[in-house]
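Peer 1: structural data only, the sequence is not supplied:
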């Protein structure tokens, strides 16, 4: 006999994200590897003492990480994407019936912190991932294709101060030489 599935939404459901996300899922493993409590003292000085509570800085930076990992540059698309993925909801600490922050909250919070905070967070997250065995290696390889640039040479910005440039290039060449010796 042919079956027919009739969907009727339940008013109440017993559901736990932790039971639905496989142990080997990337975001579940990442949640276990990252202890981002260092963000509270790091970002405390950028908030006022009164007013409405802001988005949790741990949630904000986890959302930024998801955007990076999923290659999503629009805050609106990021929130839409996260709301549809159970593993990401579990990673950022939201339940299926919790409303995610507004995309504009993400944009405003991003403007709150200086570049140095993002650099420190990136460095610490990378170190935590290396420590937990999620990332390894010394050399990065990039596969690329030539693309004609549409930029003025006057707009280029040197990230290393001019007086430190020679020393920086020497260090980079030394590290590169060490990596080449390891491969031989």
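Peer 2: Arrived safely. As the structure is a computational prediction, the values presented were derived from the model and not from experiment. Numbers count the residues shown, from 1 in each chain.

Peer 1: chain center to the helix or strand of the chain with the lowest mean pLDDT: distance?
Peer 2: Lowest by mean pLDDT, DSSP states H and E among the helices and strands of the chain is helix 165-183, with a mean of 75. Mean-position distance between helix 165-183 and its chain equals 28 Å (C-alpha atoms, centre = their mean, to the nearest Å).

Peer 1: now do that helix: which elements does it pack against?
Peer 2: Helix 165-183 is packed against no helix or strand, with contacts defined by 3 or more C-beta pairs under 8 Å, 6 or more residues apart in numbering; DSSP states H and E. For glycine as for every other residue, the C-beta is placed from the backbone atoms N, C-alpha and C.

Peer 1: can you name the helix or strand that residue 119 falls in?
Peer 2: Applying DSSP states H and E as the criterion places residue 119 in helix 115-131.

Peer 1: if you count contacts, what does that helix end up packed against?
Peer 2: helix 26-33, helix 39-43, helix 57-69.

Peer 1: which one of those is the most hemmed in?
Peer 2: Ranked by mean neighbour count, the helices and strands packed on helix 115-131 are led by helix 57-69 with a mean of 20 (mean count of other C-beta atoms under 10 Å).

Peer 1: just after it, pick out the following helix or strand.
Peer 2: Assigned by DSSP H and E, the successor of helix 57-69 is helix 75-84.

Peer 1: give me the contact list for that following helix.
Peer 2: 63, 66-67, 70, 72, 88-89, 92, 94, 100-104, 106-107, 110 (C-beta atoms under 8 Å, 6 or more residues apart in numbering).

Peer 1: swap the cut-off to 6 Å and go again
Peer 2: Residues outside helix 75-84 that contact it (C-beta atoms under 6 Å, 6 or more residues apart in numbering): 67, 72, 88, 100, 103, 106-107.

Peer 1: got the angle between that helix and helix 57-69?
Peer 2: 100 degrees (axes from the mean of the first three to the mean of the last three C-alpha atoms, to 10 degrees).

Peer 1: perfect, that will be all.
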